[in-house]
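Participant: whatever this is, show me its structure:
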Amino acid sequence: MTSRTLDRDLVRVLRAVAHTNLSPLGAIASTTGMTVHEPLQVLRNKGYVREHGGVQGGGMPVLLYSITPKGKEALQALEIEPSDGMLSARAQGPSAPPTKHYDGAEMRPSTVRAGSMDAFKYPSRVGNSLHHVDGTVTKVDPAR
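Facilitator: Numbering: from 1, shown residues only. Here you go, the predicted structure:
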């Protein structure tokens, strides 16, 4: 593993720790998609990450990781190439306004099959009343 790859991996892990603050090793690994035990040790030794003892739901002890102020400063100072799949803080910003508004096309009646919407011609029964599509409500005989 080259030092350049190691540096990129360290940055990915440090970003994941910053994003998933106070998370166990498994959550950080799933966020980065890589094995993170060694990078976390390196980051801890450099003072960028802090370990905290915690307890899982079943009472089992677990180590949780958080980013230190030194780690936050390091992330802000880094220039990260976009090819590593993580955006730098400088690359993030307000998103562009949407170019198309939601039109709700999937909620419109289907015209795929003739007769597929015929059920909507009939009222829905709720208790002793019929609720029609046009909004009218008709009382019905409870014995019916």
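Participant: which positions in the helix-or-strand element of the chain with minimal mean pLDDT come out as buried?
Facilitator: When the helices and strands of the chain are scored by mean pLDDT, DSSP states H and E, helix 3-19 comes last with a mean of 76. For helix 3-19, burial by neighbour count (16 or more other Cβ atoms under 10 Å) applies to 8-18. (Each C-beta comes from the backbone N, C-alpha and C, glycine too.)
Participant: just name the closest of those residues to H37, please.
Facilitator: H37 has its nearest neighbour among these in V13, at 9.9 Å by Cβ to Cβ.
Participant: residues contacting the closest one?
Facilitator: V13 sits next to 28, 32, 34, 36, 39-40, 43 when contact means Cβ atoms under 8 Å, 6 or more residues apart in numbering.
Participant: chain center to stretch 21-34: distance?
Facilitator: Its chain's average C-alpha position is 14 Å from that of stretch 21-34, according to Cα atoms, centre = their mean, to the nearest Å.
Participant: turn the buried residues of helix 3-19 into a markdown table, columns for distance to Y48.
Facilitator: Shown next, in a markdown table, are these (distance: Cβ to Cβ, whole Å):
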| residue | distance to Y48 |
| --- | --- |
| R8 | 15 |
| D9 | 13 |
| L10 | 8 |
| V11 | 10 |
| R12 | 13 |
| V13 | 9 |
| L14 | 6 |
| R15 | 11 |
| A16 | 12 |
| V17 | 8 |
| A18 | 10 |
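Participant: and the strands in the chain?
Facilitator: With DSSP state E as the definition, the chain shows strands at residue ranges 23-24, 49-55, 61-67, 124-126, 129-131, 137-139.
Participant: which helices and strands does the third one pack with?
Facilitator: Pointing back at strand 61-67 there. helix 3-19, strand 23-24, helix 25-32, strand 49-55 (3 or more Cβ pairs under 8 Å, 6 or more residues apart in numbering; DSSP states H and E).
Participant: many thanks, we can stop here.
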